[in-house]
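>>> Would you be able to build a 3D model of this:
(chains A, B, C and D)
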2 protein chains.
Amino acid sequence: MSNDENIYRQMLKAIVEHQLPPGARLPEDRLSEAFGVSRTGIRKVLQRLALEHFVVIEKNKGAQVNHPSEAEALEVLDSRILIEPQLIPALLGYWNAEHSERFRTMAKEEKYAEEGNQLADSIQLTARFHYELATLAGNKVLANFVQQLCYRSSLILAAYGTRGSVGCDCGDHSELLDLLDQGHTDKAQHWMSHHLRHIKSSLILDSKPEENIDFQRLFAR
Amino acid sequence: MSNDENIYRQMLKAIVEHQLPPGARLPEDRLSEAFGVSRTGIRKVLQRLALEHFVVIEKNKGAQVNHPSEAEALEVLDSRILIEPQLIPALLGYWNAEHSERFRTMAKEEKYAEEGNQLADSIQLTARFHYELATLAGNKVLANFVQQLCYRSSLILAAYGTRGSVGCDCGDHSELLDLLDQGHTDKAQHWMSHHLRHIKSSLILDSKPEENIDFQRLFAR
DNA sequence: AATGAATTGATTGTGCACAATATTGGTGTG
DNA sequence: CACACCAATATTGTGCACAATCAATTCATT
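Next up is the predicted model:
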């Protein structure tokens, strides 16, 4: 694996696992000495992360971990609600016992990680479950997009999640696997939709003013 | 607008308008003197275009305009087929006479451009119609993705399109606007789906070996 | 004491130079 | 003549230095 790619993954991992909280500044000097490369390589990685909305770069002010706006948070979840259930029919065309086995293992590990309060593992496994499922539908373009949305969801949960819950409390992912094993397309789609809506509605949107506070309106006489 | 952004747009424009054909090499030196900036700025733009799949960068070999594989072409169209019709319900929630007016103008310009064989304008307007419609659905995350898919579709048509047709021959976009004006959600969704499937099926997939040409087989005696 | 200007320090933006790598054409040898 | 090896050229990869910009503190003035 190329060196850039390596740095990229480490930073992405740190962000989605909530090691680097939303809003954390990311000075190029510090990072360059941490990874032992020059600023050139760091900038490349930061620009990529910025395009994927994991960091934001302000001109002449540098990069910081993106703190998603409420609107962005809702839109990411809505995107998943629109796409992921739609992938189930294609997915079921390929579904077999081997896949079932693999995902059940993953769901178990995820459950243990959550029960054991292993935040990082729990986050990774929750995201992986969703985007590996998406990958099985056979469309790489969509699968990559879903993967990004899943990682962005992790970041969103860092900002707006109920502390302790990094994903879904409503039962666990094995319920979906049961439906897939039984070939219940409609029910599986419905489950997925409900599942994502549940996550969306569990976000704590306390309407912090965020950016661009409108003082005109706030202090209108 | 920042200088980088300006260069980015010019290059993207050149690619989607088929000025730079799929497979064209993009040497950094040449570009840097063309735009009057150093290679640093060019590399930044090229890396962004690579992430968005408009160019491909091979390590130590530089960048060239992406020549989408058949699989990629089909996946991009399938993605649009899955997403765009689903945006119609949300879209209709905001639809009004003003929008209708704007899009009808656009559809007319598009028609003239196509009849006048103004390839570049025709391509731009076709793409814009779709992604501005997507924007109206109110989800920026999805709208941006659709926009990318539309531009990638332009590139795909450069590689696999029937010469002369850069979009849709099955009637034109004003048909959709009629359905939207009448508030026929189902019919509008169906039209969009049909429209995109038509474009997909019009691709000429002649199974060119593409990359990694198997000369063994090609010149087998 | 409060306000505004100026200086300092830290950080990012950009160009340039050199190192690393791939490709092409040539050269020598079996 | 065929083959392998080597050299030359062109192009990309990476680090570094300097310029530009921003934030904060200090200083001067009223």
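>>> SS state for A:Leu205?
When classified by DSSP: H, G, I helix; E, B strand; the rest coil, A:Leu205 comes out as coil.
>>> residue contacts, it?
The contact partners of A:Leu205, by CB atoms under 8 Å, 6 or more residues apart in numbering or on different chains, come to A:70, A:73-74, A:160. (Each C-beta comes from the backbone N, C-alpha and C, glycine too.)
>>> Now the residue nearest the centre of chain A: closest residue in space that isn't a chain neighbour?
Centrality entry for chain A: nearest residue to the mean C-alpha point is A:Tyr151, 2.2 Å, by CA atoms, centre = their mean. Distances taken as CB to CB, 6 or more residues apart in numbering or on different chains put A:Val16 closest to A:Tyr151, at 5.0 Å, once the chain neighbours are dropped.
>>> just checking, that neighbour touches A:Arg128?
No - counting by CB atoms under 8 Å, A:Val16 does not reach A:Arg128; the two are 10.9 Å apart.
>>> So for those two, which sits in the more crowded spot?
The residue with more neighbours, out of A:Val16 and A:Arg128, is A:Val16; 22 against 17, by other CB atoms under 10 Å in any protein chain shown.
>>> May I have the phi/psi pair for that one?
A:Val16 has phi and psi values of phi -70, psi -20 when expressed as degrees, to the nearest 10.
>>> measure it to A:Leu125 for me?
Distance of A:Val16 to A:Leu125, computed by CB to CB, to the nearest Å: 12 Å.
>>> same deal with A:Met11?
Going from A:Met11 to A:Leu125 by CB to CB gives 20 Å.
>>> Checking stretch A:16-23 against DNA strand C, do any of its residues make contact.
No - for a cut-off given as CB under 7 Å from any atom of the strand, stretch A:16-23 has no contacts with DNA strand C; the smallest distance is 13.9 Å.
>>> can I get the CA coordinates of that stretch in PDB?
What follows is stretch A:16-23, C-alpha atoms only, in PDB (Å, rounded to 0.1, in the frame of the first residue of the first chain):
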ATOM      1  CA  VAL A  16     -14.500   8.100  12.600                       C
ATOM      2  CA  GLU A  17     -13.500   6.400  15.900                       C
ATOM      3  CA  HIS A  18     -13.900   9.700  17.700                       C
ATOM      4  CA  GLN A  19     -10.200   9.900  18.600                       C
ATOM      5  CA  LEU A  20     -10.200  13.300  16.900                       C
ATOM      6  CA  PRO A  21     -13.400  15.100  18.000                       C
ATOM      7  CA  PRO A  22     -15.400  17.300  15.600                       C
ATOM      8  CA  GLY A  23     -13.800  20.700  15.500                       C
END
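>>> Show residues contacting it.
A:11, A:13-14, A:26, A:54, A:64-68, A:119-120, A:123-124, A:127, A:151, A:154-155, A:158-159.
>>> Those, buried ones only, as a PyMOL selection?
Command for PyMOL that selects the buried part of these, burial taken from 16 or more other CB atoms under 10 Å in any protein chain shown:
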select buried, chain A and resi 11+26+54+64+65+66+67+68+119+123+124+127+151+154+155+158+159
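>>> Around chain B, which positions in chain A sit nearby?
Applying CB under 8 Å from any CB of the partner chain, we find that chain A lies next to chain B at A:2, A:44, A:47-48, A:51-52, A:59, A:71-72, A:75-76, A:78-79, A:82-83, A:86, A:139-142, A:145, A:149.
>>> Right, I'll call it a day here.
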